[in-house]
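1. predicted coordinates and the sequence they were generated for:
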Amino acid sequence: MRILGAPVNVAARRRVFVLGIALAAIFLALAVPRFGNGHIVPPEKLHPAAESYRRATFVLNLNPVRWSLIWLDMAQIAGAISSADKGAAKKFKNEIAQARLIAQPKAKGGEEPDMAAARKKGRRAVFSAATRGVAGLISMHIDRAVAGKDREHVKAHLEEGRKVFQAFAESLTYLDPAAWKKMQLAWLDSFSNLGTPGILGAGARLMNIKRIRAATSVISSYMGKNFARYTAGTGQRLAARPQASPTYVKTAKIPWRLPPGSNTNKQLPRPRQLLGMAERGANEGETGLIALGDMAFDSAEIFGEPARSLNVTCNTCHNKGVTNPNFFIPGLSYRKGGMDVSNNFFVPHANNGIFGHIDIPDMRGIRFTAPYGRNGRTASLREFIRNVIVLEFNGPEPDPMLLDGMAAYINEFEFLPNPKIKPSGMLNEKNNNDSARRGEKIFHRNFPQMMGGMSCASCHIPSNHFLDRKNHNIGTAKGFAPHALDGSFDTPTLLSAKYSAPYFNDGSQPTLQAVNEWFNKRFALGLSKKELNDLTAYVEAIAGGTEAYEETIYTLDSELEEFSFFLSTYEFLKRKKKKEIIIITLKTVATELEAHKWDVQDRRHMPVLDKLESLIREAALLFEMGNVSAADGKIAAYRKLYEKNTSALK
Amino acid sequence: MRKFFLALICFLLAVSALAGPVPAAQPLRVALVPIANPDRFIDGVKPAMRFLEKQIGRKIRYFITLNYSAAVEAMSAGRADISFLPPLPYVLARSQAGVEVILGEIYRGKNYYHSKIFVRRDSGIKNLSDLKDKTIAYVDPISSSGFMYPHDIFERAKLLKGGIQNPEGDFFRRVYFAGGDEQAIRSVLGKFVDAAGVSEFSINLLKQNERAALLPLASSARIPSHNVVARKGLDPKLKERFIAAMLKLNKPDNQKYLKYLYGTEGYIKVSHSAYQLVADMALKYGFIRK
């Protein structure tokens, strides 16, 4: 019996075991967030020296140069050199100190130095020293590696050297691709010859230090010949130019990249966007001009370089029409949520030569908030949009229909519904607490200290969307001279403002409470702590709204629906013979599809998304070549495929 | 008789006083090989280790080792009780130090994964035989998904033969070991090599706009997941308590501890039979000898 019984039991047990594993797997598949990556090392972070070198290269190419950032990055490079060789670090620090004197000279004999000349000379001096320092650091790690006998020691220095080497990835890839490949193979060769200790000898391979020496000498030699005594040339964009290399491509153009530390990702949770016409029940497929504007708002194709290649769109900064609080580009942003928009990076010819960080404005309810621009310089939204495209992001002069579309779309942005206030702007008594009610009275109180007896409500008129459409100089900006009259700004609306921090033209106030405290101090209003809290309770009530954010983080289905909305313009644009706008539309949908297809929750549907993307790319190409009927066929195939898979693509 | 018992009690009390306090149970020692920044890794696993301590009712002393070899050495020398190993290092460790596999990891709902051979989409390479006289980057000479299994793809396709001592065979111009999954897959992306043999998850190391440039050319046999091993001779009761505690990490409330523990989704109980094919392959290609 035991003999007969045993196999049955084993088989039964195995079935239970297999079933158990299957159930566990199904449970985990359903219940667990998808982060399992099977011990894969996460993407490598840049070595601090490489990160600082790349960021400094970007910032040094700006005008003006934010020197405070440069000195921080040079200190970081010095730290990395110091950990390898204290003597070399001392030399590097001395060179940077000398360069600093050139870049930021002091006035002599009452004469102001020529700061433009100092900047040009200083940035070259700093960049040259940094390039020498980083190249030297790579060679130092290689020297340490090949001098060692212990495998772990050799490996550690090779790893450090290879990480620092990434400092040059953005320049040498383009300026000397042949040498770049040769050196990458040298790194591979070195690591291949490290061998392995195996596991207690099993699977072991011996390290071959001779071959490592031979391989790394290619890199050391290149660094030495090209960068040991490097001096940056004049009149060129700063980049590590390997002038001693026979394979240096002098005419190569280096594409612009945003520096390490940049963040152009959209915020999560996503802001809820309310489009007036959609909320009122209009069929989105029949509002062609608005659909066109929606597409253009998401399109980098309407901008010029470098915004186009970097896929910067209106939606990058004004995500869903709302301030993107994460947006940050070192050297161009002073703090998160804003940027200097008159810079030499996005539009060299429109640079005003000064660093002026501007907070990204919230666009909700924009049709009620004219004039536009922080200083209210433009009455027309359409004209303002044109200026952003052409003067801030280097775009070509937009087609009038495209501008009409963008104005039509943006004018549909609604404020969030707010049950705490009445249509008149007065507090809805029922929906507010005592603190907010007391705050409303303070908001309407006239203060003799405040510009001749004004109240908060004097400018932020409740019945007029909490603004007065005027400029006021309340002292938030430092003038160009002691008695300069250049600091007035347009009164911003307070509606929906709770979700668009930070505040003020330069984003200097992080919260609404901080804004109130600033006013209390600036105008000596004498408000007590309790009164300030009441005022904040009131402002938060009027600045709030219902469902400010979307609940889901999965957005692929709504994005795909939006692409159909974009494509709904195809027929009418053809009738209007707007070839360029059609190409912009198709390219934009393709780019957006490429970016969003990775959000699909079930990867089995990826081939469908790949097909949708390729159909749109082909349509764009065919249309550009003038083969309209073939492009029509691709668009029809796209629509059919999307319709067939709509419910699955989430 | 009463006097005898009294004397005995006094004697025992004296002995216990001389012996000092009763020693606390030895901590369970866990050797961890970091997959990223060691400092961040050791900080990251702390909450999981504290949770496991509470569950097993014993202190856990965890420490990082330079590599899998050092972790197994520590187990072999009795300085570590538990470690986390990939499949090939596990079968090597079993053959050399008799370690026992106790748990397998779950990734994306499965307890196995694959290796893939990636090439650039624009390379014109359409099948494995097109890689004749070309170069390939693997991850590491004792990597399961980053060497043995992708090597096996070529052996199965009869393009290579003879195991790992001559990984180029008569087929590849050069085989590289890049030192990491990211370095291997970026080598093919950057056109420094013609192909990369890496874990299927490596593609996620690339930015979204980079992924489309690569084409998966072939997929390996199933690789059983990375696992948790116990040293030979570990107290069976303690081992069972540890297994039970680890399985509690699968509960939704405890998932938070897993994120930093190698980024797995959970664990299941396994035995060596799940890894027999790995051991067979390691033997076939010469990682271990009979």
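-> Structure received.
2. so who does the closest residue to A:Phe393 other than its chain neighbours touch?
-> Excluding the flanking residues, the one nearest A:Phe393 by CB to CB, 6 or more residues apart in numbering or on different chains is A:Phe303, at 4.0 Å. From N, CA and C alone the C-beta is placed, and that goes for glycine too. Residues in contact with A:Phe303 (CB atoms under 8 Å, 6 or more residues apart in numbering or on different chains) are A:Val312, A:Thr313, A:Ile389, A:Phe393, A:Asn394, A:Gly395.
3. ok, so of the residues you listed, who is nearest chain B?
-> A:Val312 (14.2 Å; CB to the nearest CB).
4. count the neighbours of the closest residue to the closest one other than its chain neighbours for me.
-> In space, not counting the residues next to it along the chain, A:Val312 is nearest to A:Ala300; the distance is 5.9 Å by CB to CB, 6+ apart. Look at A:Ala300: counted by other CB atoms under 10 Å in any protein chain shown, it has 25 neighbours.
5. how close does A:Ala300 sit to chain B?
-> Distance of A:Ala300 to chain B, given as CB to the nearest CB, to the nearest Å: 13 Å.
6. cool, and A:Ile212?
-> In terms of CB to the nearest CB, A:Ile212 sits 12 Å off from chain B.
7. what bits of the chain have low per-residue confidence?
-> This is for chain A. Low-confidence segments of chain A (pLDDT under 70): A:1-44.
8. my question was about chain B, not that one.
-> Looking at chain B by pLDDT under 70, you get B:1-24, B:36-37.
9. per-domain residue ranges of it.
-> B:28-110+B:224-284, B:115-221 (automatic domain parsing).
10. got those as JSON lines, with mean neighbour count and distance to chain A columns?
-> Output for the domains of chain B, formatted as JSON lines (neighbours: other CB atoms under 10 Å in any protein chain shown; distance: least, CB to the nearest CB, whole Å):
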{"stretch": "domain B:28-110+B:224-284", "mean neighbour count": "19", "distance to chain A": "3"}
{"stretch": "domain B:115-221", "mean neighbour count": "20", "distance to chain A": "4"}
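11. can you put these in CSV and add distance to A:Asp73?
-> Formatted as CSV, the domains of chain B follow (distance: least, CB to CB, whole Å):
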stretch, distance to A:Asp73
domain B:28-110+B:224-284, 21
domain B:115-221, 23
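12. okay, now A:Pro419: neighbour count?
-> The burial count for A:Pro419: 13, using other CB under 10 Å.
13. and the most centrally placed residue in chain A, what does it touch?
-> Nearest residue to the geometric centre of chain A (CA atoms, centre = their mean): A:Thr264, 1.3 Å. Going by CB under 8 Å, 6+ apart, A:Thr264 touches A:Leu258, A:Leu310, A:Val312, A:Thr316, A:Phe327, A:Ile329.
14. what about it, distance to chain B?
-> From A:Thr264 to chain B the distance is 13 Å (CB to the nearest CB).
15. the helices in the stretch 151-290 of chain B, which residues?
-> B:181-189, B:208-211, B:236-248, B:276-284 (DSSP state H, counting those that start in this stretch).
16. out of the ones you listed, flag the one nearest A:Glu279.
-> helix B:208-211 (32.4 Å; CB to CB).
17. which parts of chain B are strands?
-> B:28-32, B:60-64, B:82-85, B:100-106, B:112-113, B:115-120, B:135-138, B:174-177, B:195-199, B:214-219, B:223-224, B:227-230, B:266-269 (DSSP state E).
18. need these in JSON lines (columns: distance to A:Ala291).
-> Conversion of the strands of chain B to JSON lines gives the following (distance: least, CB to CB, whole Å):
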{"stretch": "strand B:28-32", "distance to A:Ala291": "54"}
{"stretch": "strand B:60-64", "distance to A:Ala291": "56"}
{"stretch": "strand B:82-85", "distance to A:Ala291": "53"}
{"stretch": "strand B:100-106", "distance to A:Ala291": "44"}
{"stretch": "strand B:112-113", "distance to A:Ala291": "43"}
{"stretch": "strand B:115-120", "distance to A:Ala291": "37"}
{"stretch": "strand B:135-138", "distance to A:Ala291": "47"}
{"stretch": "strand B:174-177", "distance to A:Ala291": "51"}
{"stretch": "strand B:195-199", "distance to A:Ala291": "43"}
{"stretch": "strand B:214-219", "distance to A:Ala291": "35"}
{"stretch": "strand B:223-224", "distance to A:Ala291": "48"}
{"stretch": "strand B:227-230", "distance to A:Ala291": "54"}
{"stretch": "strand B:266-269", "distance to A:Ala291": "45"}
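19. alright, I will stop here.
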